[in-house]
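make a model of this:
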Amino acid sequence: MPRPDKHVFVCTQNRPQGHPRGSCINAGCAEIMNEFMSEIQNRNLFEKIGLTTTGCMGPCNMGPSVLVYPESVMYGNVKKEDVKTIVEQHLLGGEPVAHLQMPAEVW
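Numbering: from 1, shown residues only. Reported below is the predicted structural model:
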């Protein structure tokens with residue numbers, strides 16, 4: 001498999017309900033992961049975009065969290081409808097989606 005141009009990491013941290021740090025699983029990260037999978041499959045981007053689940057990346061209260069490399073851009077509070085925008089604008093177009101990026105003091 002060739003090295004992808006971009007690599008997307010989706011936090012799927014699962015903590016118990018009511019945990020003080022929160023949990024991306026309780027914020028809908030599974031839906032985000034499935035939407036990324038669908039976009040990659042529908043556009044046949046398997047060789048261009050890597051997709052990996054990950055544990056906690058830090059800003060639990062702003063999840064679901066999505067991290068894109070090699071740019072090291074982290075998105076927070078990602079919704080299912082944001083995935084298509086991230087794919088088109090950032091992963092394919094090279095321009096991060098500013099309104100979804102984590103604040104500088106967080107990432």
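
residues touching stretch 100-107, excluding its own?
For stretch 100-107, contacts defined as CB atoms under 8 Å, 6 or more residues apart in numbering pick out 58-59, 62, 65, 73-78, 82, 85-86. To be clear about C-beta, it is placed using only N, CA and C from the backbone, and glycine gets the same treatment.

one more time with 7 Å, if that's ok
Pro59, Met62, Val73, Met74, Tyr75, Gly76, Val78, Asp82 (CB atoms under 7 Å, 6 or more residues apart in numbering).

neighbours of the fifth one, just the number please.
Counted with other CB atoms under 10 Å, the neighbours of Tyr75 add up to 26.

now do the fourth one
Per other CB under 10 Å, the neighbour tally for Met74 reads 22.

likewise for the third one?
Under the neighbour criterion other CB under 10 Å, Val73 is assigned a count of 19.

please apply the same query to Glu31.
For Glu31, the neighbour count with other CB under 10 Å is 14.

for the one 5 residues further on, same thing?
Neighbourhood size, Phe36 [other CB under 10 Å]: 23.

next up, phi/psi of it, please.
Main-chain dihedrals, Phe36, degrees, to the nearest 10: phi -60, psi -40.

which ones are touching it?
Counting by CB under 7 Å, 6+ apart, Phe36 touches Val8, Val10, Leu51, Val83.

phi, psi for the closest residue in space to the last one that isn't next to it in sequence please.
To tie it back to what came earlier, the one meant is Val83. Spatial nearest neighbour of Val83, chain neighbours left out: Glu35 (4.0 Å); criterion: CB to CB, 6 or more residues apart in numbering. When read as degrees, to the nearest 10, the backbone of Glu35 gives phi -70, psi -40.
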